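Trainee: Next input, structure requested:
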Amino acid sequence: LGRTLAENWYLIALLAAVAGVALLLILYLVKYLRLAVNLFLDTPLPVTANLQDYTPPDGEIVTFPSLEGRRLRGMFIERPPGAPDRGTIVFCHEYGSDMLSAGRYASGLTRAGYTVFTFDFRGHGGSFAPSHFEPRHWPSNYEVHDILAAVAYVKSQRNLEDAGLGVLGISRGASAAVIAAALNTDIRCLIVDGAFSTDRSIDGLVKRWIQIFARINLARADRTMTVNRFFRALVMFYVELKCRCRFPSTRRALAKLESVPVLFIHGERDAYVPLEQAQALFDDKPGPKDIWVCPGAKHNQAVAADPETYHRRVRAFFDRHLAPAGETQDARPAPGRAGPSDRRHHADRADVPSADAAGGAVS
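Mentor: Residues are numbered from 1 along each chain as shown. Reported below is the predicted structural model:
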């Protein structure tokens, strides 16, 4: 046996070296995986409006069941008495807020003849708080479920045959609304303000983390993003296990909305989701689409930076794609104060003349 080992010392040395390298790679992987997961879970939150920023809406408070049969809280904000029914809008609030946020983003819609249904996602406001799931600012399958439950409830309470149903979502609510629309054909059109795709956001974060922390040249020199995407897949797998939920891809859902008009709104100075990610989401969407980049606005703040243009564009989009036949007005917004970046995005639009760009923010 000793002679055999002596004769094959080079093979044993090679195997030991391979095992050592593999162990080193595993240790590096575990180290950076833990770091990445912590950064994923602790990423600073975007600015969220507080109640001093707007007047909370008045409406009929209701409760309705989640897909799992738990209690969700909502509110119908009715159009003015005698106003023609132009449609119903489901409002999906941002992370860390609640259904009253509709008073900030959707206040112009009820005055225009739309009924707005706003609700609290689970773990927010007056809706149930699950014991096994902590809401994050990344859209999960649970937020998608809550939107589907809200749409089903509205459909059971309102006649949607003529005017139909649209969705206005903010940030995480916008991202989840895109995914819900890919699963439910009752959603006729969408406005997404500050939407993002978790997988693409994580790709950007992973690339930044590797450049800062990684000592392995293969990862830092990767030009095809192969290492980054592999690492992102590991991060997402581990995070989904840890959070006990899934984080679906908004990007992939957009590719399924070829016949659903979508309006993107994005703040020009959004530091939370880079403008190029908004453009990438816009490019991912086939069929009718539009984008408005609000000059000077930060994440979710287009409505504060230019409220007049914001509400005009939001209404114009729903008037064009949701209002009943014969009711649609030529609600063409006057030229906004958008800078060169706004005009560049308008040039890529697929469905309406450039003067008709309706407001929506992608972040």
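Trainee: quick one: the strands in this structure?
Mentor: 60-65, 71-77, 88-92, 115-119, 165-170, 187-193, 262-267, 289-294 (DSSP state E).
Trainee: Next, format those as CSV and append mean neighbour count.
Mentor: Any C-beta I mention is one placed from the backbone N, CA and C, and that applies to glycine too. Below are those laid out as CSV (neighbours: other C-beta atoms under 10 Å):
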stretch, mean neighbour count
strand 60-65, 13
strand 71-77, 20
strand 88-92, 27
strand 115-119, 26
strand 165-170, 28
strand 187-193, 27
strand 262-267, 31
strand 289-294, 29
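Trainee: Could you give the number of residues near Asp284?
Mentor: 19 (other C-beta atoms under 10 Å).
Trainee: Isn't it up against Ala255?
Mentor: Yes - between Asp284 and Ala255 there is a contact under C-beta atoms under 8 Å: 5.9 Å.
Trainee: how's this protein carved up into domains?
Mentor: 2-42+200-243, 51-197+253-329 (automatic domain parsing).
Trainee: sorry, back to before: got the strands of the chain as a markdown table, with mean pLDDT and distance to Val273 columns?
Mentor: Output for those, formatted as a markdown table (pLDDT from 0 to 100; distance: least, C-beta to C-beta, whole Å):
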| stretch | mean pLDDT | distance to Val273 |
| --- | --- | --- |
| strand 60-65 | 98 | 31 |
| strand 71-77 | 98 | 27 |
| strand 88-92 | 98 | 17 |
| strand 115-119 | 98 | 23 |
| strand 165-170 | 98 | 12 |
| strand 187-193 | 98 | 11 |
| strand 262-267 | 98 | 8 |
| strand 289-294 | 98 | 12 |
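Trainee: Now render the ones you listed as a markdown table, adding distance to Pro130.
Mentor: Formatted as a markdown table, these follow (distance: least, C-beta to C-beta, whole Å):
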| stretch | distance to Pro130 |
| --- | --- |
| strand 60-65 | 14 |
| strand 71-77 | 11 |
| strand 88-92 | 18 |
| strand 115-119 | 16 |
| strand 165-170 | 21 |
| strand 187-193 | 25 |
| strand 262-267 | 30 |
| strand 289-294 | 34 |
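Trainee: quick one: which of those strands is nearest Asp203?
Mentor: strand 262-267 (18.4 Å; C-beta to C-beta).
Trainee: Kindly calculate the angle that that closest one makes with strand 165-170.
Mentor: 20 degrees (axes from the mean of the first three to the mean of the last three C-alpha atoms, to 10 degrees).
Trainee: Give me the sheet partners of strand 262-267 and which way each runs.
Mentor: Strand 262-267 pairs in its sheet with strand 187-193 (parallel), strand 289-294 (parallel), by DSSP bridges.
Trainee: quick one on the thing from earlier: of the domains of the chain, flag the one that's most buried.
Mentor: Mean neighbour count (mean count of other C-beta atoms under 10 Å) peaks for domain 51-197+253-329 among these, with a mean of 21.
Trainee: Off-centre distance for that one?
Mentor: 10 Å (C-alpha atoms, centre = their mean, to the nearest Å).
Trainee: how close does Asn59 get to Phe317?
Mentor: No, residue 59 isn't Asn; it's Gly. 22 Å (C-beta to C-beta, to the nearest Å).
Trainee: what residues are shared contacts of Asp284 and Ala255?
Mentor: When contacts are counted by C-beta atoms under 8 Å, 6 or more residues apart in numbering, Asp284 and Ala255 have no shared neighbour.
Trainee: wait, isn't Phe40 in contact with Val239?
Mentor: Yes - assessed by C-beta under 8 Å, Phe40 is found in contact with Val239 at 5.6 Å.
Trainee: related to what we said a few turns ago, would you mind giving the strands paired with strand 262-267 as CSV with distance to Ala271 added?
Mentor: Formatted as CSV, the strands paired with strand 262-267 follow (distance: least, C-beta to C-beta, whole Å):
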stretch, distance to Ala271
strand 187-193, 16
strand 289-294, 14
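Trainee: Show the contacting residues for Pro81.
Mentor: So Pro81 contacts nothing (C-beta under 8 Å, 6+ apart).
Trainee: Look up how far Ala102 lies from it.
Mentor: Taking C-beta to C-beta as the criterion, Pro81 is separated from Ala102 by 20 Å.
Trainee: What of Tyr95?
Mentor: 15 Å.
Trainee: Ok, Thr115 next?
Mentor: Counting by C-beta to C-beta - Thr115 and Ala102 are separated by 12 Å.
Trainee: got it, and Leu183?
Mentor: Applying C-beta to C-beta to Leu183 and Ala102 gives a distance of 23 Å.
Trainee: before we move on, what about Ala112?
Mentor: 14 Å.
Trainee: Sketch out the low-pLDDT regions of the stretch 151-300 of the chain for me.
Mentor: Where the stretch 151-300 of the chain drops to pLDDT under 70, the residues are 204-227.
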